[in-house]
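Enquirer: 3D model of this:
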Amino acid sequence: MKATCSLHNHSTLSDGELSPDQLLSYLADAGFNVIAITDHMNITMPWRIPDDVLFIHGIEWYSRRGYELVCLQPTAEPDRGRLDLSQTAVKWIAHPIYGFSDRAAMFADPHINIEYMLRVIENFRLDGYELYNAEDRHLTEKEVITLDEASIHTIHKYATDDFHVIGQEFKAWIEMDVPELSAEHVIKNLQTGNFKIKTDDMTEGEVKSVLKALEDAKTTPSVKWEPDE
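Expert: As a prediction, the model looks like this:
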């Protein structure tokens, strides 16, 4: 069966517009059957989960050095700001532009510190980073290729809406085929890169451009892409 995944979302328990239950219902009505709530620095559990929806608990964690991670299925909330990443099923860098560039130039043309970003990925054994985040500038072709070529292991690329308010959503998400809708199957595919990035029409050209650049550079992109049908 097909799992249509929205994996970076915020409720009123951090800085989102919708309550946890409203958020799940809203995304389920939009066609998502795998939904994660990743509120800032705390695990949010809804009261009600819509029928035929797989809910995955998560958190968006702030490091003391300024970067942020999407963490799915952490075993515990942060303790005094610290999070045991080894006890988190899937973890990736959220909107790399926030933590790995000059914040003063964030809305101009910021330079992303690729070496630092790669060091964080390797040191903490992260699964990857958000190649597409609907709120922020995406990594350039050169930046993506540099990360792939320099990494000692496969870096997966994820796509999210980073949903906060109604109207900004449905630009980027993840799809995968699973034998059944279970956290075990979804998490395993996210860990191994067995999924496809899906985007709206506006983002489609950017996805194609980056992936073609990866092919031309003879790297092995750990991401699959399909246009929205």
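
Enquirer: next SSE after the longest strand seen in the chain?
Expert: Counting residues, the longest strand found in the chain (DSSP state E) is strand 54-62. With elements assigned by DSSP states H and E, the helix or strand that comes after strand 54-62 is strand 68-74.

Enquirer: That next one pairs with which strands, parallel or anti?
Expert: On the basis of DSSP bridges, the sheet neighbours of strand 68-74 come out as strand 54-62 (antiparallel), strand 88-93 (antiparallel).

Enquirer: residue boundaries of the helices in the protein?
Expert: Counting by DSSP state H, the chain has helices at residues 20-29, 96-99, 114-123, 141-150, 183-192, 201-216.

Enquirer: Output those helices as TSV; include the columns mean neighbour count.
Expert: For every residue, glycine as well, the C-beta is placed using N, CA and C. Shown next, in TSV, are those (neighbours: other Cβ atoms under 10 Å):
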stretch	mean neighbour count
helix 20-29	19
helix 96-99	22
helix 114-123	16
helix 141-150	18
helix 183-192	17
helix 201-216	15
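
Enquirer: show me where pLDDT drops low in the chain?
Expert: For the chain, the stretches flagged by pLDDT under 70 are 102-110, 137, 201-229.

Enquirer: and with 80 instead?
Expert: Counting by pLDDT under 80, the chain shows low-confidence ranges at 80-81, 97-99, 101-111, 134-141, 168-169, 199-229.

Enquirer: quick one on the thing from earlier: among the helices of the chain, which is nearest Glu77?
Expert: helix 20-29 (15.3 Å; Cβ to Cβ).

Enquirer: Contacts for that closest one, please.
Expert: Helix 20-29 is touched from outside by 6, 9, 11-13, 16, 18, 35, 37, 44-50, 52-53, 55, 163, 166, 169, with contacts defined as Cβ atoms under 8 Å, 6 or more residues apart in numbering.

Enquirer: Please save the CA atoms from that helix in PDB.
Expert: These are the backbone C-alpha positions of helix 20-29, laid out as PDB (Å, rounded to 0.1, in the frame of the first residue of the first chain):
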ATOM      1  CA  PRO A  20      -2.800  18.600  17.800                       C
ATOM      2  CA  ASP A  21      -6.200  16.900  17.000                       C
ATOM      3  CA  GLN A  22      -7.100  19.600  14.500                       C
ATOM      4  CA  LEU A  23      -3.700  19.200  12.800                       C
ATOM      5  CA  LEU A  24      -4.100  15.500  12.300                       C
ATOM      6  CA  SER A  25      -7.700  15.900  11.000                       C
ATOM      7  CA  TYR A  26      -6.600  18.600   8.600                       C
ATOM      8  CA  LEU A  27      -3.700  16.700   7.100                       C
ATOM      9  CA  ALA A  28      -5.700  13.500   7.000                       C
ATOM     10  CA  ASP A  29      -8.500  15.300   5.000                       C
END
